[in-house]
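S.K.: Structure for the following, please:
(2 chains)
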Amino acid sequence: MSSRFSYRKYIGVTLVALALLALPFALSAAGTAWVRIANLAILFVFLSLGLNIVVGFAGLLDLGYVAFYGVGAYVYALLASPHFGLHLPFWVILPIGASVAAIFGVLLGTPTLKLRGDYLAIVTLGFGEIVRIFLNNLSQPINITNGPQGIAQIDPIRVGGISFGQTDLFFGLSVSGPMKHYYLLLLLLLLVIVVNLRLQNSRIGRAWEAIREDEVAARAIGIDTTRVKLLAFAMGATFGGVAGGMFSSIQGFISPESFVLTESVMILAMVVLGGMGNIWGVIVGALLLSFVPELLRYTVVPLQLALFDKMLVEPEVIRMLLFGMALVLMMRFRPAGLWPLGARQREFSIDKAAK
Amino acid sequence: MSSVLLEAHAVGKRFGGVRALHEVSLTIGQGEIYGLIGPNGAGKTTLFNVLTGLYGADSGRFSFCGEPLNISAPHLVARAGIARTFQNIRLFANMTALENVMVGRHVRTHADVIGAVLRGAGTRAEEQAIERRAVELLHYVGIADRANHLARQLPYGDQRRLEIARALATDPKLLALDEPDAGMNATETAALRALIAGLRADGLTVLLIEHDVKLVMGLCDRVAVLDYGEKIAEDVPEKVQRDPKVIEAYLGA
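M.R.: Predicted structure coming up:
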């Protein structure tokens, strides 16, 4: 490749980075709510990338992924709220939450090793429900999760002397709490993407894809599928746990209601829409499904009021209508997702490597 | 036959009431091409699947390189040094030819999740070695120009070659081929013959399952014949070909 190509690439990356850095200021001009929406969108990118390891790379259909999100969120909430009177700093809790989620990942993976397809989907769906029901009911005999009331007053993140719960002035710029969260999430997102890209192009990543493609052949050439599958569940769960911890600290309040089946389905839809197995496709899918419903919420009502002087159709109804249509159109025209895996070609020069 | 590489003793396997294998014993010597033939349904592939750990055996003992062979899981058999191909080709269809072979290196490499994420000097060196070896093997089987094609886009003959390259990537001592010429035309079969002969010349031991007796003649050093799950003959191809029991098994009484 010519140096001009990489020069262009370099400029492109710089422009994207600058745009991402400036984004919260632009969004907060439209209202702080939009910064919060952006933050949630990034969380959903985390979740989709985590689920993509299990579903996209290893080909294991998981309908209970939200359980790991919930576990991460509750670990954070219990260790940094007045509920138990514990107030650990976030950089201590996040790894704990990730590890606990990973253990849950192995717990889910172990009994499902021999299952595939529909059967695996049913068991994972059940697992997700079990975790949610536990969260709902573990308020007695010992009050651990505080039941359906959830856990409130979760500590905001503190780094150094900066609290993420309030607005501060930096270099004359007023930076609100959500904007700080945005930058932290952006940093974590960069890390998550790098980790995912490296995993995909590694010995383990290839083993995952091999299992997805043909499990019998994978075993026959020496892949210990038990170990490799559990690794996929554990890695996927880890990302879910990190996302859950961030969700807890950003919201300040969590309850079992946030970790229901429809969330699992939504995350799976993001992965499938973008293109299973392709990291960039999955990111696009997650961003689309995060932003489009919000855009609808902010446009459908004013539009109807302007046209008919009253609201005829609820935004929620239109959202489901569009989702249904999108589903049908996708299955008809792009069953492998908007940005499928097949387009990928390894960078490789055979002459150089052959000598 | 110089030294013994693989020994199977009194292997038995039942599927419900069907006796797929009964008291089958065979010995494969270092560096030979050993043919396993028999009519359809004779139990050839079953023996293969038992040997490579895909099915559990009901009875029988295996030893490989003078040590007991644990056939309880396929990956253990592969690690011990037995690689196989499948009668109905089983490639990783949506991975490139190169990646298929790179996956084959899994069992001889070590990088784990931590290594992959940190991508230190050790992991990078291992990745390069994996890729280099995979390219070598694609050259060896003659499909290096297809390295970046998805496996499912390859022509049939090249898919067979790719599957062999992937098996070779596990550094096997014994390569087990299940009807490698199935569905091939005469030209492709001749090229395959040359490839298998070349493997032996390079020091590999080959176990070859065949339905078609012609291919094993002139290629195999020794041939065993299975019929209804039992071994009915074992000898050099010329003698097996004239064995009345073998003729009867193939042509019927």
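S.K.: Could you tell me how many residues sit around residue A:139?
M.R.: 14 (other C-beta atoms under 10 Å in any protein chain shown). C-beta: built from backbone N, CA, C; applies to glycine.
S.K.: got the residues of the stretch 151-253 of chain B near chain A?
M.R.: B:166-167, B:169-170 (C-beta under 8 Å from any C-beta of the partner chain).
S.K.: export the residues you listed to TSV and tack on pLDDT, distance to residue A:59 and neighbour count?
M.R.: Shown next, in TSV, are these (pLDDT from 0 to 100; distance: C-beta to C-beta, whole Å; neighbours: other C-beta atoms under 10 Å in any protein chain shown):
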residue	pLDDT	distance to residue A:59	neighbour count
B:166	97	19	31
B:167	97	22	24
B:169	97	22	26
B:170	96	22	22
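S.K.: now those as JSON lines including distance to residue A:42?
M.R.: What follows is those, written out as JSON lines (distance: C-beta to C-beta, whole Å):
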{"residue": "B:166", "distance to residue A:42": "39"}
{"residue": "B:167", "distance to residue A:42": "44"}
{"residue": "B:169", "distance to residue A:42": "40"}
{"residue": "B:170", "distance to residue A:42": "42"}
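S.K.: Next step: those restricted to helices.
M.R.: Judged by DSSP state H, those include B:166-167 as members of helices.
S.K.: Nearest spatial neighbour of residue B:133, chain-adjacent residues omitted?
M.R.: residue B:105 (6.2 Å; C-beta to C-beta, 6 or more residues apart in numbering or on different chains).
S.K.: got the contact list for the one you found?
M.R.: A:203, B:130, B:133-134, B:169-170 (C-beta atoms under 8 Å, 6 or more residues apart in numbering or on different chains).
S.K.: Go again with 7 Å.
M.R.: Neighbour list for residue B:105: B:130, B:133-134, B:169 [criterion: C-beta atoms under 7 Å, 6 or more residues apart in numbering or on different chains].
S.K.: what does residue B:153 give?
M.R.: Residue B:153 neighbours (C-beta under 7 Å, 6+ apart): none.
S.K.: buried sites along stretch A:138-156?
M.R.: Going by neighbour count (16 or more other C-beta atoms under 10 Å in any protein chain shown), the buried part of stretch A:138-156 is A:138, A:144-147, A:150-151, A:154-156.
S.K.: Oops, could you answer that again for stretch B:14-29 instead?
M.R.: Result for stretch B:14-29 [16+ other C-beta under 10 Å]: buried residues B:20-22, B:24, B:26-29.
S.K.: Among the residues of the stretch 151-253 of chain B next to chain A, which one lies nearest to residue B:124?
M.R.: Using C-beta to C-beta, residue B:169 is the member of these that lies nearest residue B:124, at 19.3 Å.
S.K.: All the helices of chain A, residue numbers only.
M.R.: A:3-30, A:32-52, A:66-79, A:90-109, A:117-137, A:177-200, A:203-213, A:215-220, A:225-251, A:261-274, A:279-308, A:315-333, A:350-354.
S.K.: Can you get me a residue count around residue A:120?
M.R.: With other C-beta under 10 Å as criterion, residue A:120 counts 18.
S.K.: neighbours of residue A:330, just the number please.
M.R.: 16.
S.K.: gap between it and chain B?
M.R.: Distance check for residue A:330 against chain B: by C-beta to the nearest C-beta, to the nearest Å, it reads 19 Å.
S.K.: Name all residues that make contact with the residue in the stretch 101-250 of chain A that chain B sits nearest to.
M.R.: Using C-beta to the nearest C-beta, the point where the stretch 101-250 of chain A gets nearest to chain B is residue A:222, with a distance of 2.9 Å. Residues in contact with residue A:222 (C-beta under 7 Å, 6+ apart) are B:75, B:78-79, B:106-107, B:170.
S.K.: And the pLDDT at it?
M.R.: At residue A:222, the pLDDT value in this model is 94.
S.K.: Name the surrounding residues that touch the lowest-mean-pLDDT helix or strand in chain B.
M.R.: The helix or strand of chain B with the poorest confidence is helix B:213-216; it has a mean of 78 (mean pLDDT, DSSP states H and E). For helix B:213-216, contacts defined as C-beta under 7 Å, 6+ apart pick out B:35, B:37, B:181, B:189, B:208, B:210, B:223, B:237, B:241.
S.K.: Which residue ranges make up the domains of the chain?
M.R.: All of this refers to chain A. Following automatic domain parsing, chain A resolves into domains at A:1-30, A:31-354.
S.K.: sorry, should have said chain B
M.R.: Taken from automatic domain parsing, chain B resolves into B:1-81+B:172-253, B:92-171.
S.K.: what about the last one, distance to the chain center?
M.R.: Looking back up the chat, that one is domain B:92-171. 18 Å (C-alpha atoms, centre = their mean, to the nearest Å).
S.K.: May I have the distance across it, first residue to last?
M.R.: 19 Å (C-alpha to C-alpha, to the nearest Å).
S.K.: what does stretch B:205-218 give?
M.R.: Stretch B:205-218: ends 16 Å apart by C-alpha to C-alpha.
S.K.: Low-confidence ranges, the chain, go.
M.R.: Chain wasn't specified; assuming chain A. A:1-5, A:342-355 (pLDDT under 70).
S.K.: wait, I meant chain B there
M.R.: B:1-2, B:253.
S.K.: Contacts only, for residue B:119.
M.R.: residue A:198.
S.K.: so which residue of the stretch 151-253 of chain B comes closest to chain A?
M.R.: residue B:170 (5.4 Å).
S.K.: What sits closest to that residue if chain neighbours are left out?
M.R.: residue B:83 (4.6 Å).
S.K.: Make sure that neighbour is indeed in a helix.
M.R.: No: the assignment for residue B:83, made by DSSP: H, G, I helix; E, B strand; the rest coil, is strand rather than a helix.
S.K.: Work out which residue lies at the spatial centre of the chain.
M.R.: Because you didn't say which chain, this covers chain A. residue A:47 (1.5 Å; C-alpha atoms, centre = their mean).
S.K.: To clarify, I was referring to chain B.
M.R.: residue B:176 (1.8 Å).
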